[in-house]
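**Student:** missing the sequence, but the structure's below:
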């Protein structure tokens, strides 16, 4: 028992997964103590709007809160701001920064991920920013207002979402991507080509095959980004979006296995029966990928939280939720469901020129994923199909006259 007299379930991480676990435990009738420990000040909040609505001034910090303060009081969830330094598995307690300790009966690690730092000279210059937390978004919003030249390093989801907002606000934007195509690790070549063309049509200068080697500055402030070909791209604001690193150190230092994520079983449990893990920091055995994967998505964090909550409330079941993702870029809503491999066959349904189409992915004739632009019906169908045994053929996917909904009635 801790000095506070609570113990019960302690959740380390105040993001979407940590919040959802606390809420789902109470929904399941869990009556023991719940403590949610987060490093950021304030109430748990949504991250996806940070790169879109928040930067555009359409949302503020209060509107991003997942629930108001009264929710936690009414549901007897203790919020604690602080950093966990270590796990004492033998004593079932946590060492907190500043010297305190917190006991647990069951510990859930929802530690999330952090920005991958740019590993080149000049990355510490003033004007080089990242975008993951509310504080980072607030600083970026303030800096963007006075920026004259914006360079985005990385054409992933965050980089392209930010680029679309910056262009809508009237800024000159250059996006530098080291790989040969935007969104290269996330979508098919066909979808990459579409988004590359769409951003160029917005007026963004998108340069692929452009590895960054150095950032130059004047008076301690960034002034240009240099790429491997020797080109210099002027900038007084640089946004780095080159991926994230899972926060596995707490688990590793407690001798819990971690390989690109805290390793868990199909119930999201670690080898220690008193410790589970969820969210962006977790590598789990996916029935959809047929391998161990680590996913960075709100859906994954939320569904994993619900899975662990059900187990702790006495109703254990393996984690089998269908993965899905989304990204809003200007007037384009990209929705993805399933997990495709790089070599999966792509089948186009619809006309990309209409800005409403889907790419269906197949492996050995079996549906593995669907990528949709402004076509939510295809996405919702995919979520239902992939939750069972997909029976769609590539020929049917390519035929717009084929009734996809009819598959669900079979």
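**Tutor:** Yep, it's here. The structure displayed is predicted, hence computed values, not measured ones.
**Student:** going forward, measure contacts and count neighbours with C-alpha atoms only.
**Tutor:** OK.
**Student:** Can you show me the strands along the stretch 101-250 of the chain?
**Tutor:** In the stretch 101-250 of the chain, the strands defined using DSSP state E, counting those that start in this stretch lie at 101-103, 106-109, 113-115, 128-130, 150-153, 173-177, 205-208, 212-218, 221-227, 232-234, 237-240, 244-246.
**Student:** can you redo those as JSON lines with mean neighbour count, distance to residue 353 and mean pLDDT?
**Tutor:** Shown next, in JSON lines, are these (neighbours: other C-alpha atoms under 10 Å; distance: least, C-alpha to C-alpha, whole Å; pLDDT from 0 to 100):
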{"stretch": "strand 101-103", "mean neighbour count": "20", "distance to residue 353": "57", "mean pLDDT": "97"}
{"stretch": "strand 106-109", "mean neighbour count": "23", "distance to residue 353": "45", "mean pLDDT": "98"}
{"stretch": "strand 113-115", "mean neighbour count": "17", "distance to residue 353": "35", "mean pLDDT": "97"}
{"stretch": "strand 128-130", "mean neighbour count": "21", "distance to residue 353": "33", "mean pLDDT": "98"}
{"stretch": "strand 150-153", "mean neighbour count": "25", "distance to residue 353": "26", "mean pLDDT": "98"}
{"stretch": "strand 173-177", "mean neighbour count": "25", "distance to residue 353": "23", "mean pLDDT": "98"}
{"stretch": "strand 205-208", "mean neighbour count": "19", "distance to residue 353": "20", "mean pLDDT": "98"}
{"stretch": "strand 212-218", "mean neighbour count": "19", "distance to residue 353": "32", "mean pLDDT": "98"}
{"stretch": "strand 221-227", "mean neighbour count": "21", "distance to residue 353": "32", "mean pLDDT": "98"}
{"stretch": "strand 232-234", "mean neighbour count": "18", "distance to residue 353": "31", "mean pLDDT": "98"}
{"stretch": "strand 237-240", "mean neighbour count": "25", "distance to residue 353": "30", "mean pLDDT": "98"}
{"stretch": "strand 244-246", "mean neighbour count": "18", "distance to residue 353": "33", "mean pLDDT": "97"}
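**Student:** mind giving me TSV with the ones you listed and columns for distance to residue 16?
**Tutor:** Below are these laid out as TSV (distance: least, C-alpha to C-alpha, whole Å):
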stretch	distance to residue 16
strand 101-103	22
strand 106-109	12
strand 113-115	12
strand 128-130	20
strand 150-153	26
strand 173-177	29
strand 205-208	32
strand 212-218	32
strand 221-227	33
strand 232-234	36
strand 237-240	23
strand 244-246	15
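**Student:** Any idea which of the ones you listed gets closest to residue 29?
**Tutor:** Among these, the nearest to residue 29 by C-alpha to C-alpha is strand 106-109 (16.3 Å).
**Student:** Sheet partners, orientation included, of that closest one?
**Tutor:** Partners of strand 106-109 in the sheet, by DSSP bridges, are strand 9-12 (parallel), strand 275-277 (parallel).
**Student:** which one of those lies closest to residue 311?
**Tutor:** Residue 311 sits nearest to strand 275-277 of all those, at 10.3 Å, using C-alpha to C-alpha.
**Student:** how far does that closest one sit from the chain's center?
**Tutor:** 19 Å (C-alpha atoms, centre = their mean, to the nearest Å).
**Student:** What helices and strands are in contact with the helix or strand just after that strand?
**Tutor:** Moving toward the C-terminus from strand 275-277, the next helix or strand (DSSP states H and E) is strand 282-286. Packing partners of strand 282-286 (3 or more C-alpha pairs under 8 Å, 6 or more residues apart in numbering; DSSP states H and E): strand 262-263, strand 291-293.
**Student:** ends of stretch 200-208, how far apart?
**Tutor:** One end of stretch 200-208 sits 12 Å from the other (C-alpha to C-alpha, to the nearest Å).
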